[in-house]
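Q: Got a predicted structure plus its sequence, pasted below:
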Amino acid sequence: MRTSERTLVTDQAPTVFPPIVAPDADARAAAAARQEQLTKPPGSLGRLETLGNWIAACQGTCPPRPLQRTRVVVFAGDHGIARSGVSAYPSEVTAQMVANFRTGGAAVNVLAAASGATVRVVDIAVDADTAAEISTHKVRRSSGAIDREDALTADETAAAISAGAAICDEEVDSGADLLIAGEMGIGNTTPAAVLVAALTDTEPVLVVGRGTGIDDAGWSRKAAAVRDALHRAAPVGPDPQGLLRVAGGADLAAMAGFLAQAAVRRTPVLLDGAVVTAAALVADRLAPGARAWWVAGHRSTEPMHTLALAELDLEPLLDLQLRLGEGSGALAALPLVQAAVATLGEMATFADAGVSTADAGVSTADAGVSTADPA
Ligand SMILES: Cc1cc2ncn([C@H]3O[C@H](COP(=O)(O)O)[C@@H](O)[C@H]3O)c2cc1C
Ligand SMILES: O=C(O)c1cccnc1
């Protein structure tokens with residue numbers, strides 16, 4: 001059913017983000033002009049150029065400052081739907097992986113260390129008691145089983161969005177100049193798929209993927225769960241806060257708040273995989289225009305990810321067939337962002353290095369060859 005055919009119910013007290021200011025167009029233009037002066041044919045660094053220009057625009061200065069503090073926040077939360085056989089793993093793995101993050105043994109830790117980022121894990125809704133220092137923003141133990149009950153109450157939804165925004169503020173206030181959201185939660189690809197289906201008006205079978213590696217029977221159970229949750233969510237239509245409440249979860253709501261607040265705080269974000277991008281899709285509805293502050297690190301193999309990226313008009317930097325989450329795909333792309341900033345900031349110009357520009361060369365007519373095409 002299309003949303004226009006439904007009676008829409010909007011959540012009562014919506015969490016309001018201030019209007020999003022776009023990254024600085026003047027700094028982006030100055031960066032694009034500087035790229036033309038650097039000792040390379042125009043455009044020859046391809047996507048690294050537009051990436052560097054984007055960082056300059058986000059910082060409001062050209063050349064951009066080197067990135068000093070890239071911070072990954074892993075949002076951990078369990079989901080009642082995991083009891084319906086939609087994941088290849090049991091819910092206990094969420095808390096066990098939280099412990100693994102804290103001792104540095106997970107992919108996110110190793111990838112972060114490899115490119116100089118640091119990792120913080122926050123328990124938003126793990127179905128276990130975790131250490132006090134990571135549970136200050138905890139909303140509840142596990143979100144509801146979305147095929148038959150709401151994921152959250154309205155108050156919990158607002159609290160989770162606010163928690164994510166507060167976590168973002170803590171990180172920006174501590175000096176973070178590039179943010180990455182990661183996630184850990186057995187079963188979380190199921191609510192993420194529901195959010196993407198609802199916001200892109202897509203059928204369940206087209207959004208449901210294999211997650212942690214479910215077999216065909218598990219995939220069928222997952223598609224049925226997505227169908228039932230979408231049915232339950234129909235009355236809220238595309239209302240972002242209502243969707244998070246009925247068919248999302250506390251971790252997804254917190255990530256949406258975090259991503260929206262990053263745009264409010266004019267701090268760039270490198271997006272991770274399908275689950276984070278599902279939260280991003282909601283965040284861009286909560287704070288229209290927030291997407292201008294995000295770059296997609298990679299494309300995961302989950303089908304919903306391609307749909308969500310297309311809806312956000314984001315082109316991923318990498319496609320490595322990753323399907324992990326945690327922030328791993330964003331971290332795989334981080335060296336590209338660092339390279340983009342370094343080339344824009346540190347390469348010599350033609351004038352500095354005494355290198356001849358294209359128009360100083362042999363004329364096209366004389367040599368019978370084309371000179372550089374600035375396009
Ligand atoms: C050991 C382990 C580590 C992980 N790290 C991220 N995920 C990923 O898999 C889960 C989502 O997939 P599904 O919806 O199929 O459960 C999330 O926890 C996600 O972060 C992991 C999953 C496992 C098993
Ligand atoms: O792309 C993701 O975010 C993802 C894929 C599979 C499992 N967990 C997360």
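A: Thanks, I have it. Residues are numbered from 1 along each chain as shown. Ligands and ions are numbered 1, 2, ... in the order given.
Q: show me where the stretch 1-150 of the chain has strands.
A: 70-77, 118-125 (DSSP state E, counting those that start in this stretch).
Q: Pull up the gap between Cys58 and Gln321, please.
A: Taking Cβ to Cβ, to the nearest Å as the measure, Cys58 falls 29 Å from Gln321. No exception for glycine: its C-beta is placed from N, CA and C like everyone else's.
Q: I should have written Pro19 there, sorry.
A: Relative to Gln321, Pro19 is positioned 38 Å away (Cβ to Cβ).
Q: residue contacts, the residue lying closest to Asp129 once chain neighbours are set aside?
A: Excluding its sequence neighbours, the residue lying closest to Asp129 (Cβ to Cβ, 6 or more residues apart in numbering) is Ser135, at 7.5 Å. Residues counted as contacts of Ser135 (Cβ atoms under 8 Å, 6 or more residues apart in numbering) are Asp123, Val126, Asp129.
Q: again with Ala22
A: So Ala22 contacts Gly289, Ala292 (Cβ under 8 Å, 6+ apart).
Q: shaky segments in the protein?
A: Counting by pLDDT under 70, the chain shows low-confidence ranges at 1-7, 12, 360-375.
Q: switch the cut-off to 80
A: Applying pLDDT under 80 to the chain flags the ranges 1-13, 359-375.
Q: how's it carved up into domains?
A: Annotated domains of the chain cover 25-65+341-370, 70-333 [automatic domain parsing].
Q: count of neighbours near the residue nearest to Arg47 when sequence neighbours are not counted?
A: Of all residues not flanking Arg47 in the chain, Leu317 sits nearest, at 6.9 Å (Cβ to Cβ, 6+ apart). Residues contacting Leu317 under the criterion other Cβ atoms under 10 Å number 23.
Q: Make sure Leu317 is actually in contact with Pro335.
A: No - contact status for Leu317 versus Pro335: not in contact, 10.2 Å apart, counting by Cβ atoms under 8 Å.
Q: quick revisit: quick one: which of the contacts of Ser135 is nearest ligand 1?
A: Among these, Val126 lies closest to ligand 1 (Cβ to the nearest ligand atom), at 10.9 Å.
Q: My guess is Arg140 contacts Ala250. True?
A: Yes - counting by Cβ under 8 Å, Arg140 does reach Ala250; the two are 6.2 Å apart.
Q: quick revisit: neighbour count and distance to Leu152 added to the contacts of Ser135, as a markdown table?
A: Shown next, in a markdown table, are those (neighbours: other Cβ atoms under 10 Å; distance: Cβ to Cβ, whole Å):
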| residue | neighbour count | distance to Leu152 |
| --- | --- | --- |
| Asp123 | 29 | 16 |
| Val126 | 27 | 15 |
| Asp129 | 11 | 20 |
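Q: Any chance of JSON lines for the residues you listed, columns distance to ligand 2?
A: Compiled in JSON lines, the contacts of Ser135 are given as follows (distance: Cβ to the nearest ligand atom, whole Å):
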{"residue": "Asp123", "distance to ligand 2": "18"}
{"residue": "Val126", "distance to ligand 2": "16"}
{"residue": "Asp129", "distance to ligand 2": "24"}
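Q: Going by distance to Ile146, which of those residues wins?
A: Checking the contacts of Ser135 against Ile146 by Cβ to Cβ gives Val126 as the nearest, at 17.4 Å.
Q: What separation is there between that closest one and Asp251?
A: Val126 sits 9 Å away from Asp251, going by Cβ to Cβ.
Q: same deal with Ala56?
A: Separation of Ala56 from Asp251 (Cβ to Cβ) stands at 32 Å.
Q: Touching, Ala348 and Leu38? I think so.
A: Yes - using Cβ under 8 Å, Ala348 is in contact with Leu38, at 7.2 Å.
Q: more neighbours, those two?
A: Neighbour totals were compared for Ala348 and Leu38, and Leu38 leads with 22 against 12 (other Cβ under 10 Å).
Q: and stretch 264-272, how far out from the chain's middle?
A: 8 Å (Cα atoms, centre = their mean, to the nearest Å).
Q: OK, now which residue of the protein is nearest to ligand 2?
A: Closest to ligand 2 within the chain is Gly273: 2.5 Å, counting by Cβ to the nearest ligand atom.
Q: Now do the contacts for the residue nearest to that residue when sequence neighbours are not counted.
A: Leaving aside its sequence neighbours, Gly273 sits nearest to Ser300 (Cβ to Cβ, 6+ apart; 3.8 Å). Ser300 sits next to Gly273, Ala274, Leu322, Arg323, Gly325, Gly329 when contact means Cβ under 8 Å, 6+ apart.
Q: Wait, the first one touches His305, no?
A: Yes - Gly273 sits in contact with His305 when judged by Cβ under 8 Å, with a separation of 6.1 Å.
Q: residues near Val205, how many?
A: If you count neighbours by other Cβ under 10 Å, Val205 ends up with 13.
Q: Determine the number of other residues adjacent to Ala113.
A: Using other Cβ under 10 Å, Ala113 has 13 neighbouring residues.
Q: which bits of the chain sit near ligand 1?
A: 87, 89, 93, 97, 183-190, 211-212, 324-326 (Cβ under 6 Å from any ligand atom).
Q: from the residues you listed, which ones fall inside strands?
A: Secondary structure defined by DSSP state E assigns Glu183, Met184 of the residues of the chain next to ligand 1 to strands.
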